[in-house]
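J.: I need the structure of the sequence given here:
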Amino acid sequence: MADTDVTPRDPALAASKLDRLARELEDLKRELLTAEQDLAEMIDAVHPENRGSARNLVHYLALRRRDVRGLQLRLARVGLSSLGRSEPHVLTTIERVLALLALARGMQPAESAGPPVGFCQGERLLVANTRRLLGARRPHRIGRIIVTLPTEAADDPRFVRELMVAGMDCARINCARDDAAVWARMADNVRAAQRELRRDCRILVDLRGPKLRTGPIEGGARRLLLATGDRFELVHPSAASPERRGALPRIACTTPEIFDGVAPGQPIWFDDGRIGGTIEQRTDDGLLILVTHAAPDGSKLRPDRGINLPETDLHLPSLSETDMRDLDHVIHWADAIELSFVQTPEDVLALLDALDRHDAEDTGVVLKIETRNAFADLPRLLLTAMRHRSCGVMIARGDLAVEAGFERMAEMQEEILWIAEAAHVPTIWATQVLDNLAREGSLSRAEMTDAAMGARAEAVMLSKGPYIVDAIRALDNILARMKDHQSKKRALFRALHVSTSLWPDDQPQSMRS
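T.: Predicted structure coming up:
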């Protein structure tokens, strides 16, 4: 009989090394279970259908509290899972690796601790939650396409039908534009196109929230041309008079409450980061601002452009009185409500309470992550939203990039994707996707790559523009192609398109496949 006590040639496979790996994983498993016990109250508060997902989220957060890169590398060296794709089923992954290590050492695997989510179950939960929030998927692709409706969608049913035929899965109505009567006509046209095409199309309503915007320019000008080194005043709406009064240009702010919270020296950004400045001093009417960032030939600042104060604590409620009135109008036909400018769990609870008052338990909730505070507190925001049966997360990359710095955007959007997947919560990849194509009719290589990266989210959002139908068709094609190459973080190995001429009998696949 052959001797089974074989000493491996690879030192990484030595019994002592495998024992060390098992001990480290056991320690890690205990940390996960301890974290679950510590946060049991928060887990118990979520909707019963979301409890397993909440437990898995807590396990993932506990895993990511420590640096496990060394452990990952050693696991990979022995051919085991490095935990790098464990988001949907953290505890199950660790227990499977421990079981394989036990078998490799000639031992019986330990009894399971009863993980909340199994391998297949984690993916099924995300699929089911996505369908509940965003509707059925198209047969040829997984990701949904969300389109922000322009005003013309209220009075042109054929245009809405064209959007849906091109590939729109969800119609988004922005309450910061138009009025309740226009929103209702938009919704009616979407429902009519649904019935005619026999196709699912959800309606997402974006509450305006306390969005900071520029108002009228003093003197009635249509724009300010600002260059680096210029100074101007951001003032209370009543201070921007129809006639020019002072030497410095003045533009109003639609949310004067911000003036109480700002301090000299803090940065301020306008128009999605196109213009940057520093607050030099507070004036009787508002703020004196020094322009520190603008285009070489100057940048144009117009009314109704966004304002960001990344270092200012703005104590503004996410759900305003206006939002509550808007909710009264839309709640009867909206499939999901987007909560803008969410920063605290109390903001989320305010929306959940409002939905309860409307008996809207089937209406989904989408948290727009667009501030540094929201990103930093994302786990608590998610666990609060999961008290509702159906919820999702929008990565509002425009405001988030301005708030946190463009150099951090890539890192932050990755973390949001990972955390949401651990909670089995669908994500929406938003802001300026195929923007040049939708607005100008031309497509850049960078935009194409960005849209393809969005395939890792459950939905990709397009903004309006004269070429929006072309943008929908392009995105539909991109997402259909990426379906065979990418599933969340996991690269899928379909056959390559390149010619593998090393083997004479091999034929390259057609690029049309």
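
J.: ok, the residue nearest to residue 75 when sequence neighbours are not counted - contacts?
T.: The shortest distance from residue 75 to any non-neighbouring residue, by C-beta to C-beta, 6 or more residues apart in numbering, is to residue 82 (4.8 Å). To be clear about C-beta, it is placed using only N, CA and C from the backbone, and glycine gets the same treatment. Neighbouring residues of residue 82 by C-beta atoms under 8 Å, 6 or more residues apart in numbering: 72, 73, 75, 76.

J.: in what helix or strand does residue 82 lie?
T.: Per DSSP states H and E, residue 82 falls between elements, in no helix or strand.

J.: check what pLDDT it gets.
T.: Here the pLDDT value assigned to residue 82 is 91.

J.: against which helices or strands is whichever strand or helix holds residue 412 packed?
T.: In the assignment (DSSP H and E), residue 412 maps to helix 406-422. With contacts taken as 3 or more C-beta pairs under 8 Å, 6 or more residues apart in numbering; DSSP states H and E, helix 406-422 sits against helix 51-63, helix 372-376, helix 378-385, strand 391-396, helix 397-404, strand 427-430.

J.: contacting residues around it?
T.: For helix 406-422, contacts defined as C-beta under 8 Å, 6+ apart pick out 56-57, 59-61, 87-88, 90, 126, 273, 369, 375, 378-379, 382, 392-393, 395, 397, 400-401, 404, 426-427, 429, 456-457, 488-489.

J.: pLDDT weak spots in the stretch 301-450 of the chain?
T.: For the stretch 301-450 of the chain, no stretch has pLDDT under 70.

J.: sec struct for residue 228, please.
T.: Under DSSP: H, G, I helix; E, B strand; the rest coil, residue 228 falls in the coil class.

J.: same thing with residue 225?
T.: Applying three-state DSSP: residue 225 is strand.

J.: burial measure for it, as a count.
T.: 14 (other C-beta atoms under 10 Å).

J.: the one 4 residues further on too?
T.: Applying the criterion other C-beta under 10 Å, we find 9 residues in the vicinity of residue 229.

J.: what does residue 478 give?
T.: Residue 478 has 24 nearby residues by other C-beta under 10 Å.

J.: what packs against the helix or strand harbouring it?
T.: Secondary structure assignment for residue 478, by DSSP H and E: helix 468-482. Counting contacts by 3+ C-beta pairs under 8 Å, 6+ apart, helix 468-482 is packed against strand 144-148, helix 157-166, helix 435-440, helix 445-453, strand 459-462.

J.: buried sites along the third one?
T.: This means helix 435-440. For helix 435-440, a neighbour-count test (16 or more other C-beta atoms under 10 Å) marks 435, 436, 437, 438, 439 as buried.

J.: cool, and stretch 27-42?
T.: 28, 29, 32, 33, 35, 36, 39, 42.

J.: so what touches it?
T.: Applying C-beta under 8 Å, 6+ apart, the contact partners of stretch 27-42 are 43, 54-55, 58-59, 61-63, 65-66, 68, 71, 90-91, 94-95, 98, 113, 380, 383.

J.: mind saving the C-alpha coords of that stretch as PDB?
T.: The C-alpha trace of stretch 27-42 is given here as PDB (Å, rounded to 0.1, in the frame of the first residue of the first chain):
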ATOM      1  CA  ASP A  27     -10.300  33.900  14.500                       C
ATOM      2  CA  LEU A  28     -11.800  35.900  11.600                       C
ATOM      3  CA  LYS A  29     -15.000  33.900  11.800                       C
ATOM      4  CA  ARG A  30     -15.300  34.600  15.600                       C
ATOM      5  CA  GLU A  31     -14.900  38.300  14.900                       C
ATOM      6  CA  LEU A  32     -17.800  38.200  12.400                       C
ATOM      7  CA  LEU A  33     -20.100  36.400  14.800                       C
ATOM      8  CA  THR A  34     -19.200  38.800  17.600                       C
ATOM      9  CA  ALA A  35     -19.900  41.800  15.400                       C
ATOM     10  CA  GLU A  36     -23.300  40.200  14.600                       C
ATOM     11  CA  GLN A  37     -24.100  39.900  18.300                       C
ATOM     12  CA  ASP A  38     -23.000  43.500  19.000                       C
ATOM     13  CA  LEU A  39     -25.300  44.900  16.300                       C
ATOM     14  CA  ALA A  40     -28.200  42.500  16.900                       C
ATOM     15  CA  GLU A  41     -30.600  45.300  17.700                       C
ATOM     16  CA  MET A  42     -30.000  47.000  14.400                       C
END
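
J.: how near is the residue nearest in space to the middle of the chain to residue 453?
T.: With distances taken as C-alpha atoms, centre = their mean, residue 395 lies nearest the centre of the chain, 2.2 Å away. Per C-beta to C-beta, to the nearest Å, residue 395 is found 11 Å from residue 453.

J.: overlap in contacts of the two?
T.: Counting by C-beta under 8 Å, 6+ apart, the residues touching both residue 395 and residue 453 are residue 429.

J.: where does the prediction get shaky in the stretch 151-300 of the chain?
T.: Checking the stretch 151-300 of the chain against pLDDT under 70 turns up 240-246.

J.: quick one: the helices in it, in order.
T.: 157-166, 180-197 (DSSP state H, counting those that start in this stretch).

J.: which among these is found nearest to residue 149?
T.: helix 180-197 (5.3 Å; C-beta to C-beta).

J.: and residue 107, how many neighbours does it have?
T.: There are 11 residues near residue 107, going by other C-beta under 10 Å.

J.: backbone phi and psi for it, please?
T.: Per-residue torsions, residue 107: phi -120, psi 160 (degrees, to the nearest 10).

J.: residue contacts, it?
T.: By C-beta under 8 Å, 6+ apart, the contact set of residue 107 is empty.

J.: any idea of the pLDDT on it?
T.: Listed pLDDT for residue 107 reads 91.

J.: how about residue 102?
T.: Residue 102 is assigned 94 on the pLDDT scale.

J.: that one is in what secondary structure piece?
T.: Counting by DSSP H and E, residue 102 is part of helix 90-104.

J.: what packs against that helix?
T.: Identification of packing neighbours for helix 90-104 by 3+ C-beta pairs under 8 Å, 6+ apart yields helix 15-38, helix 51-63, helix 119-134.

J.: who's in contact with that helix?
T.: Contacts with helix 90-104, where a contact means C-beta under 8 Å, 6+ apart, come from 18, 21-22, 25-26, 28-29, 32, 56, 59-60, 63, 75, 80-81, 83, 86, 108-110, 112-113, 115-119, 122, 422.

J.: and the helix holding residue 412, what's buried?
T.: 409, 412, 413, 416, 417, 418, 419, 420, 421, 422.

J.: what would those look like in TSV with distance to residue 267?
T.: TSV is the format used below for these (distance: C-beta to C-beta, whole Å):
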residue	distance to residue 267
409	16
412	18
413	22
416	23
417	27
418	29
419	27
420	29
421	33
422	33
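
J.: ok and the helix holding residue 412 relative to helix 445-453, angle-wise?
T.: Interaxial angle, helix 406-422 versus helix 445-453 (axes from the mean of the first three to the mean of the last three C-alpha atoms, to 10 degrees): 20 degrees.

J.: out of the helices and strands packed on helix 468-482, which is closest to residue 469?
T.: With C-beta to C-beta as the criterion, residue 469 lies closest to helix 157-166 of these, at 5.0 Å.

J.: who does that closest one touch, helix- and strand-wise?
T.: By 3+ C-beta pairs under 8 Å, 6+ apart, helix 157-166 packs against helix 180-197, helix 468-482.

J.: what sits against the nearest residue to residue 341 once chain neighbours are set aside?
T.: Of all residues not flanking residue 341 in the chain, residue 209 sits nearest, at 3.9 Å (C-beta to C-beta, 6+ apart). Counting by C-beta under 8 Å, 6+ apart, residue 209 touches 318, 319, 320, 323, 339, 340, 341, 342, 368.
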